[in-house]
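>>> Could you work out the structure for the sequence below:
(2 chains)
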Amino acid sequence: MNKKNSEYLINRKDNQYEVVIGLEVHAQVLSESKLFSTSATKFGAEPNTQVSLVDAAFPGMLPVINEFCVKQAIKTGIGLNAKINKRSVFDRKNYFYADLPQGYQISQFKDPIVGEGKVILDLPNGQKEVGIERLHLEQDAGKSIHDLDPQNTFVDLNRSGVALMEIVSKPDLRSPEEVSIYIKKLRSIMRYLGTCDGNMQEGSLRADVNVSVREKGTKEFGTRCEIKNVNSIKFMQMAIEYEANRQVDLIEEGKTIDQETRLFDTKKNETRSMRSKEDAHDYRYFPDPDLLPLEVSDKFVDDLKSEIPELPDDKKERFINEFKLSPYEATILVSDIEIAKYFEEVVAKMGKNKDMKLAVNWITSELFAVLNSKNLEIKQSPVSAKNLAILINLIKNGTISGKIAKTVFELMLDGDKDPQKIVEEKGLKQQSDPKALEELIDKIINNNREKAIEYKQGKEKLFGFFVGQAMKASGGKANPQLINDILKKKL
Amino acid sequence: MSDITKQSLTELVESIKNKKLSSSEVTKAFIERSEKSKVLNAYITEDFTSALDKAKKFDQKPNLDLKLPGIPMAIKDLFCTKNVKTTAGSKILNNFVPTYESTVTENIWNEGAILLGKLNCDEFAMGSSNETSFFGNVQNPIDKDLVPGGSSGGSASAVAGQLTPITIGTDTGGSIRQPASFTGTVGLKPTYGSCSRYGIVAFASSLDQAGPMAQNVKDCALLQEVISSFDLKDSTSIDFKRSNYSKELTNNIKGKKIGIPKEYRVDGMPKEIEDLWQKGIEYLRDCGAEIINISLPHTSYALPTYYIVAPAEASSNLARYDGVKYGYRANGENLIDMYEKTRSEGFGAEVQRRIMIGTYVLSSGYYDAYYLKAQKVRRLIKNDFDEAYKKVDAILTPSTPSSAFKIGEKSNDPISMYLNDIFTVPVNLAGLPGISIPAGHDSKGYPLGLQIIGKAFDEQNILNIAFAIEEKIKFKNKINDWWIK
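This is a model prediction of the structure:
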C-alpha cells in the first residue's frame, strides 16, 4: 500500500490498483412518529409496543404520509446542496420477508424527493467534492430475531415503517479514509439540521458500500460488489480494505469479478457472497396506488430554507474569518454542532479581551482529553462553557499560570466549580509582586552559590534549575515570566 | 311482518320516525326472512343476536334525528367490522376478526344503522358471479341456480331477496353495478375518492370504491349521502362539496344532455339489450333530456387495460396475506415453504390466477410493455370521457352485455366471465361515478340494467337522471320467493 501523495492504492507485482467506492447511506429520519403512521419511533422500546395496524399491514389499512418526515428529507437535501424535486412518487418495492408485513416496502424509485447534490470533504491535503446522486424517503423493515429460540424466528415490528432517508453518493470515494470522512461529514450536516441523530450504535445510520477496483490510470469502472448493511465506520473501512484486496487478487489471478451482494463478517473480518446478480430479487417496483404523488410548492421549500441553520462549511469559513482560526482548528471545532456551540459560548463568555488560541487549545486538548477518558459527549461536559471561559480569562490576565490552570481545571471537574472561587479558596493566585519574588530569588541564589557561579561561567542549562527552584519555593504560584526576568537580572 | 321487509329504506325510516314501527320490529322481520333464506347463501357471518340487542337499545332511547334510525343492514364482507369476522370471501381470512371499523361502515352506524351480518362475495372481490367465494355460490332470488353477479353477489341477492333493506358493496370493475343489474336492483359506484377506502380489504387500490345497493334510486341516494365523506385516513380521499343526495333528488332533468357512445354497441350483444337501451333513450327524451351521439374511441381497450392494472395492484395488495401475522397459516419446513403452502391453500384459483397475472405484468422486462402501457391507455380512456363531457352531462349505456347466467355456466371460462364487465370497467378506469338501474326484463324474465355514467363528483346528476327514468320505467322485480318453502 502506498500512502505517499496520500493516494490509496493497492500494489501488486507490476500493477497498482485504485479503489472506487460509492455509498448508499440509510439515515433514520429524526421524527417522533413513523413515515406513514402515528406510531412512536423511540429506540430500545419493548418489542412490538410501537406498532400500529398500518405498520403491521392489517387488511384495509392505508398509509398516510407524515409531513414532518417530508420536511426533514427536504432540509437534508438543502444541506447537501441538492436539487429538491417538487414532485416525487412513492413506489412499492415488492418482496416477501417475515419482518416486512405489507409484503412490500414503500420507497421512492424513479422520482426521489431530492436529486443531485454535493458534499465537501476536508482531507489532510485539501478539500474534495463528493457528488450526491439522490436522496429518497422509504420505510424501514421490522427485525427478525433468529437466536432466541431454536425452532422459531421472532419478529419485532417496532422499526417497521420508521422513516429512512437513503442517500446515494456518486462513486467518488477512493479510500477507506475518505469513506470515514464522508460519513462523518454527512452525519455532521444532518446533526446540524436535526434531521438524523447519526447514532450508529442504534442503527440510525448504516450503509451499503459499493466497491470496485481498477488499474491506476484506467477510466472505466470495474465490476462492483455491494456490501450490505454495514453499521460502523470502522467496519466500513475494514470491509472495503478486505473487499478491494479480494477483487485485486481475483484480477491478478486472471479471474473475473462477479457482480454480487456481499455481507461483511465482523468476526472474521471478511466479506462473503450473499446473492449473485442472477439471484437478485425482481422487486416489481410500481407507484403505490394508496398514495398520490408528493407535490411540494416553492413556498414550502423556501420556508424550509429559512429554517436551515448555519451549516459546517459556512461555520468553518466564519470561524476562520471572524476568530482567525486556522482551517485545521476550524474543521475540528465545526465537525460537531455541539462542539461548535460550546466553542462559541466560550468565546462569548470570554468577553472583550479574548484569547482565541487559548480557547481553542483548552477545548481541543484539555477538555477533549477529559471527555475522551470519561467517554462523554460535549453536551455532558463536566465543565460548562461559562466556567471554562472564566478559567481562560484568569490565565489571560495573569491571575494564574497555565500550569496552575491545569490544577484548577482538575478541581473544576467535580461539579463544574467556579474557577475564580477555586483560585481564591486554595490560594492559587499567581505571585506577581516583583519585590516578594526578588527576595525569594535572592534566597535561592544564596543557597546555591556554586551553581550560580557555574552558570556565570557558561553552564546556561542551569537557568532552568533556578526557575524550577523558584517555582517550587512559591508553591508553583510565581508568575513564570517575572521569575525569568528577575533571574536574568540577578544571575 | 312480511310487509315490513317489502318496504323500501325510505319507507322504513319514515315508519320508525313516525313510531309506526320500532327498530326491534324491523330488525326482527329482516332476521326472520334471512333465517328462511339460507338457501340463497347470501350471508357469510350472521350477527343476529347482537343486532336484536342493538335494536332493543335503540328503541329504549331512539334518536330519530339520525338518517338511518335503527335500520338493520347487512353489508358486504369486504368491509372490516370491529369484533365481527371479516373474511373477504377467502379461506385465508376465515379466522380474521378486525379490531377496527372501516370508515364507510362507521359512517353508517353513526347514523343509527345496525349490523345484521356480513354478506357473501367473490374472494377478494375478484369475480363476476360470486362463484369464487370460499363460502360457496350465492343464489339469485330471481331464479334457482342463477348467479347474482359479482363480486357483490351476496349484497345484491340480499337486497333483491329483501334480507336487508339496503346494503353496501364495493366496485372495482363493476362489482356493484353488474350484480345490481343481474338482480333488478339499483347500484351506485361513486366517484373515486368519494367514499373512504380505509378499512376495506383492498383489491385494486386505484379502482376500488364502496357504494350503495338498494331497491330504488331514492334509497340509494340516502345511503350515498351517509357513506360519502372526506377521510384523512385515506390519502386518495377527496375533499369536495358533497350534496345531500336524497334531499336534492329531483326528476327534473329537462335540458340535460345525455351522450350515447357508439362503441358500446358491441358485437354479439343480444337484441334485448339493444332494445332496452333504445327504450332508455326514449324515456330520457320523454323527460326532456337531449340525446347526443358521442364517441369513446378507446372503449375496446378498457377490458385488457383493466386486466393488467387490477391484477398488478392486487398481486401487491395481497402480499400481506403470508401466514405470518394473521389469517390462515399452513405449516411449512421453513419460511418459504410456509409461504407457499399458506398461499396455495389459502387463496382460491381465481385469486391465484390474478396474482400470477399481476406479478407477471410488473416483472422487470415486462413492466413497460404491460403495466406502463396500460397506465397510458388508462389515461386515454379518461381523456375520452373528458372530451365527451365537453358536450354532454351524462352518458347512458347498458350495464351488462347479458342478463344473469346459470351457476357454473362460465366458471371454467375466465375470458367469457371477464367480458361481463365490458361496460362497467371504463368507469372505474376513469374514476367516474356510475349507476345501474333495473330497466326491463329479457325473454326469460331476468332483469336487465341500464347504466348512467356521470362526471367526476356529479353523483347528484346521475341520481337525478336515474330517478327520472325510474318513474317512467316502473320496473317491478319478478321474485316469487322460490327459495322459501
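>>> When you work out contacts or count neighbours from here on, use the C-alpha atoms and nothing else.
Fine.
>>> Stretch B:417-429 spans what distance, first to last residue?
19 Å (Cα to Cα, to the nearest Å).
>>> Distance from that stretch to the middle of the chain?
What separates the centre of stretch B:417-429 from the centre of its chain is 13 Å, taken as Cα atoms, centre = their mean, to the nearest Å.
>>> Could I get the buried residue list for it?
B:418, B:419, B:420, B:421, B:422, B:423, B:424, B:425, B:426, B:427, B:428, B:429 (16 or more other Cα atoms under 10 Å in any protein chain shown).
>>> give me every residue that touches the most centrally placed residue in chain A.
When Cα atoms, centre = their mean is applied to chain A, the residue found nearest the centroid is residue A:184 (3.8 Å). Under the criterion of Cα atoms under 8 Å, 6 or more residues apart in numbering or on different chains, the neighbours of residue A:184 are residue A:335.
>>> What strand or helix carries it?
Following DSSP states H and E, one finds residue A:184 within helix A:176-193.
>>> Convert the C-alpha atoms of that helix to PDB, please.
The C-alpha trace of helix A:176-193 is given here as PDB (Å, rounded to 0.1, in the frame of the first residue of the first chain):
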ATOM      1  CA  PRO A 176     -11.400   3.800   3.400                       C
ATOM      2  CA  GLU A 177     -10.200   7.100   4.900                       C
ATOM      3  CA  GLU A 178     -12.300   9.100   2.600                       C
ATOM      4  CA  VAL A 179     -15.300   7.000   3.400                       C
ATOM      5  CA  SER A 180     -14.800   7.700   7.100                       C
ATOM      6  CA  ILE A 181     -14.500  11.400   6.500                       C
ATOM      7  CA  TYR A 182     -17.600  11.300   4.200                       C
ATOM      8  CA  ILE A 183     -19.700   9.500   6.700                       C
ATOM      9  CA  LYS A 184     -18.600  11.900   9.500                       C
ATOM     10  CA  LYS A 185     -19.400  14.900   7.300                       C
ATOM     11  CA  LEU A 186     -22.800  13.600   6.300                       C
ATOM     12  CA  ARG A 187     -23.600  12.900   9.900                       C
ATOM     13  CA  SER A 188     -22.300  16.300  11.000                       C
ATOM     14  CA  ILE A 189     -24.600  18.000   8.400                       C
ATOM     15  CA  MET A 190     -27.600  16.000   9.500                       C
ATOM     16  CA  ARG A 191     -26.900  16.700  13.100                       C
ATOM     17  CA  TYR A 192     -26.700  20.400  12.400                       C
ATOM     18  CA  LEU A 193     -30.000  20.200  10.600                       C
END
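>>> and the helix or strand just after that helix, how far out from the chain's middle?
The helix or strand immediately downstream of helix A:176-193 is strand A:205-215, counting by DSSP H and E. Offset of strand A:205-215 from its chain centre (Cα atoms, centre = their mean): 20 Å.
>>> ditto for stretch B:128-137
For stretch B:128-137, the separation from the chain centroid amounts to 15 Å (computed by Cα atoms, centre = their mean).
>>> buried stuff in that stretch?
Across stretch B:128-137, burial judged by 16+ other Cα under 10 Å covers B:128, B:129, B:130, B:131, B:132, B:133, B:134, B:135, B:136, B:137.
>>> Next step: those residues restricted to helices.
Within the buried residues of stretch B:128-137, no residue falls in helices by DSSP state H.
>>> which parts of stretch A:436-452 are buried?
Here stretch A:436-452 shows A:437, A:438, A:440, A:441, A:442, A:444, A:445, A:451, A:452 as buried, counting by 16+ other Cα under 10 Å.
>>> Once you drop chain neighbours, what's closest to the fifth one?
It stands for residue A:442. residue A:490 (7.9 Å; Cα to Cα, 6 or more residues apart in numbering or on different chains).
>>> State the distance from the one you found to chain B.
89 Å (Cα to the nearest Cα, to the nearest Å).
>>> Distance check, that residue against residue A:16.
Going from residue A:490 to residue A:16 by Cα to Cα gives 66 Å.
>>> Neighbour count for those two, which is higher?
Taking neighbours as other Cα atoms under 10 Å in any protein chain shown, residue A:490 and residue A:16 compare with residue A:16 leading, 17 against 11.
>>> The more buried one contacts residue A:216, correct?
Yes: with contact defined as Cα atoms under 8 Å, residue A:16 reaches residue A:216; the gap is 5.6 Å.
>>> Residue A:156: how many residues sit nearby?
Counted with other Cα under 10 Å, residue A:156 comes out at 19.
>>> I appreciate the help and will end here.
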